[in-house]
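Asks: Here's a sequence, model it:
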Amino acid sequence: MSTTGTTQQVTPQLRQWIVEQAQAGHSAESVLKAMIASGWNEDVAVDAMEETLRVHVESQVVAKGLPPAVRVPEPQLGESPLYIDTGDRRVAVLQTMADPRVVVFGGVLSDEECEQLIALARPRLARSLTVATRTGGEEVNADRTSNGMFFQRAETELVRRIERRLAVLVNWPEENGEGLQILQYGPGAEYKPHYDYFDPTEPGTPTILKRGGQRVATIVIYLAEPDKGGGTVFPDVLLEVAPKRGNAVFFSYERPHPSTRTLHGGSPVLAGEKWIATKWLRERRFE
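Replies: The predicted structure is shown next:
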């Protein structure tokens, strides 16, 4: 394996060699050192390794019958920032997890914005529905005992401002977001663990996907804190996010499959009242 000239082209032979080294149990560090010793530019070598192994792993996963992965929203966290500037607000990064991809943000909304959303939503509340993937419509689900409503995208200046902020925060187009949903949970109310993606095996899913493709990420923003209970739980990884007003939890799922480990739920409210705003993000423009 050698290179000549100033332009280094990543060939199929090189990609095959990288895969063979990985299959033989060689560490990424040792493979990178071997490439550099053979004359490869370090940046080119790193990019070649990452892309080659990503494609290889994905092909193995798909070969086992899992749906293919898609691009998902990803906050700009490469340099481990303490804050993200969204243009109109400085949002704190409180906690990150790689697998599943979960990020807890602090101060996404001000107290005033939380109160305004609740005031606008309260007169329009009704029993929460869930998407019925069997038919493509909506239905009452015994697992979800909250009241809720949807804002149309950019329905008010407040909603427009928040949607713009969230788009910058997670690096995803505004138009790919569903309308902001506001939910109220009283004592005893909960949302049992579930996945937010649409099950590709259900007959109604193709109809749902016409409006913007799969859901690929979720943002849950806490608007009002219960006295007890009401956390967002991820049972597969034993994680619970406390429902602190103004904070939010973001998580993404690159394929509609339990392997993403994004099973999550809203624990029962034990005392007081919880309000949240939920933003679901799609692959493409949501119509």
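Asks: Residue 201: neighbour count?
Replies: The number of residues packed near residue 201 is 9, by other C-beta atoms under 10 Å. All C-beta spots, glycine's among them, are computed from the backbone N, C-alpha and C.
Asks: Run a quick neighbour tally on residue 81.
Replies: 13.
Asks: what does residue 42 give?
Replies: 11.
Asks: Repeat that for residue 188.
Replies: Neighbours of residue 188 using other C-beta under 10 Å come to 11.
Asks: Now do the helices in this structure.
Replies: For the chain, the helices defined by DSSP state H occupy 12-23, 28-37, 42-63, 111-121, 157-170, 205-209.
Asks: list the contacts for the residue nearest in space to the middle of the chain?
Replies: In the chain, the centroid-proximal residue (C-alpha atoms, centre = their mean) is residue 252; its distance is 2.1 Å. Contacts for residue 252 (C-beta atoms under 8 Å, 6 or more residues apart in numbering) come out as 72-74, 100-101, 216-218, 262.
Asks: Quick check: residue 159 touching residue 151?
Replies: Yes. Counting by C-beta atoms under 8 Å, residue 159 touches residue 151, with 4.9 Å between them.
Asks: intersection of neighbour lists for those two?
Replies: The contact lists of residue 159 and residue 151 share residue 180, where a contact means C-beta under 8 Å, 6+ apart.
Asks: Of the contacts of residue 252, which count as buried by neighbour count?
Replies: 72-73, 100-101, 216-218, 262 (16 or more other C-beta atoms under 10 Å).
Asks: Let me see the confidence value for residue 172.
Replies: Per-residue confidence at residue 172 stands at 98 (pLDDT).
Asks: Next one: the closest residue in space to it that isn't next to it in sequence relative to residue 240, how far apart?
Replies: Once flanking residues are discounted, residue 172 sits nearest to residue 73: 3.8 Å by C-beta to C-beta, 6 or more residues apart in numbering. Residue 73 is 23 Å from residue 240, where distance means C-beta to C-beta, to the nearest Å.
Asks: one step back: Provide the backbone phi and psi angles at the residue nearest to residue 172.
Replies: With angles defined as degrees, to the nearest 10, residue 73 sits at phi -60, psi 150.
Asks: Just confirm it contacts residue 251, I think it does.
Replies: No. Counting by C-beta under 8 Å, residue 73 stays clear of residue 251, with 9.9 Å between them.
Asks: joint contacts of these two?
Replies: Between them, residue 73 and residue 251 share the contacting residues residue 217, judged by C-beta under 8 Å, 6+ apart.
Asks: For residue 26, give me phi and psi.
Replies: phi -70, psi 140.
Asks: what about it, how many neighbours?
Replies: 13.
Asks: which of the residues in stretch 93-106 are buried?
Replies: Here stretch 93-106 shows 93-94, 100-106 as buried, counting by 16+ other C-beta under 10 Å.
Asks: ugh, wrong one, stretch 177-193
Replies: Buried, per 16+ other C-beta under 10 Å, within stretch 177-193: 177-185, 187, 189-191.
Asks: Stretch 233-247 too?
Replies: In stretch 233-247, counting by 16+ other C-beta under 10 Å, buried: 233-234, 239, 241, 243, 245-247.
Asks: Can you give me the end-to-end span of that stretch?
Replies: In stretch 233-247, first residue to last residue: 15 Å (C-alpha to C-alpha, to the nearest Å).
Asks: quick one: residue 188 and residue 146 touch, right?
Replies: No. If you go by C-beta under 8 Å, residue 188 and residue 146 don't touch, sitting 10.7 Å apart.
Asks: Which two of the buried residues of stretch 93-106 have the greatest separation?
Replies: 100 and 106 (19.8 Å; C-beta to C-beta).
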